[in-house]
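Asker: fold the stuff below for me.
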Amino acid sequence: MLTLTRAKLHLRLATTEQEATAYIDEDAIIQGLINAAYHYAENYTQATLATATKTLVLDGFPEGSDAIELPWTPVTAIESLDYIDAEGVEQSLDAETLRLDTRPIYPLLAPQWGTEWPHTTDEPESVTITATAGAEETPPDVDVAVLLLVGHWYENRESVAIGTIATEIPMGVEMLLEPYRIHSVG
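Answerer: Below is the predicted model of the structure:
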């Protein structure tokens, strides 16, 4: 993930890493812009670009051994899977009892071969899956797209600019993010 130091250098608030580290006046603003830029990039691409812990809550398991499609990509690990069993007791499944298939665009989670999902209570929100999603390292072109957004938003802090002519930078943010974009129908 993009660091505050690198963003400050890009914004020309400092010329060395030491100066950038020492300049803390706008850290909260710049960090907010970095977070918003990653959020924009993830919404545009439909991929998780920075490593994050994600949670999915379901009303129960699928029938038998059918897989659960996880709504994030890529997924690197299942951290926990908790559920409320048919008697109303909270239970956990160990990672060894699960199969994570990362070959599809959106990974599939299923019980190990020859086993089925346990039965849950007939109440909503009875299954909670926690996973680590996102690449270990953000691709360099995504970092550049994030820097372009941070720079634009830093210089243009209001939603409307009066008296100026604005044009989109050719081959800018969207071109840099396009290779990571997941297209969907429906």
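
Asker: which residues of this protein fall in strands?
Answerer: 52-58, 68-69, 75-84, 90-93, 98-101, 108-111, 127-133 (DSSP state E).

Asker: in contact with L11, which residues are there?
Answerer: Contact analysis of L11 by Cβ atoms under 8 Å, 6 or more residues apart in numbering lists I30, V150, G151, Y154. Just so you know, the C-beta spots here come from the backbone N, C-alpha and C atoms, and that holds for glycine as well.

Asker: which pLDDT does the model give the last one?
Answerer: Spelled out, it's Y154. Y154 carries a pLDDT value of 95.

Asker: again, but for the third one
Answerer: We have a pLDDT of 95 for G151.

Asker: count of residues packed around it?
Answerer: 16 (other Cβ atoms under 10 Å).

Asker: how near is it to E26?
Answerer: Between G151 and E26 the computed distance is 13 Å (Cβ to Cβ, to the nearest Å).

Asker: kindly format the C-alpha coordinates of the helix ranked longest in the chain as CSV.
Answerer: Taking DSSP state H as the criterion, the chain has its longest helix at helix 27-45. Extracted in CSV, the C-alpha atoms of helix 27-45 (Å, rounded to 0.1, in the frame of the first residue of the first chain):
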residue,chain,number,x,y,z
ASP,A,27,-0.9,13.6,7.5
ALA,A,28,-4.6,13.0,8.3
ILE,A,29,-5.8,14.7,5.1
ILE,A,30,-3.2,12.9,2.9
GLN,A,31,-4.0,9.5,4.5
GLY,A,32,-7.7,10.1,3.9
LEU,A,33,-7.0,10.9,0.2
ILE,A,34,-4.9,7.7,0.0
ASN,A,35,-7.7,5.6,1.5
ALA,A,36,-10.3,7.2,-0.8
ALA,A,37,-8.1,6.6,-3.9
TYR,A,38,-7.7,2.9,-3.0
HIS,A,39,-11.4,2.7,-2.4
TYR,A,40,-12.1,4.3,-5.8
ALA,A,41,-9.6,1.9,-7.5
GLU,A,42,-11.1,-1.1,-5.9
ASN,A,43,-14.6,-0.1,-6.9
TYR,A,44,-13.5,0.6,-10.4
THR,A,45,-11.6,-2.7,-10.8
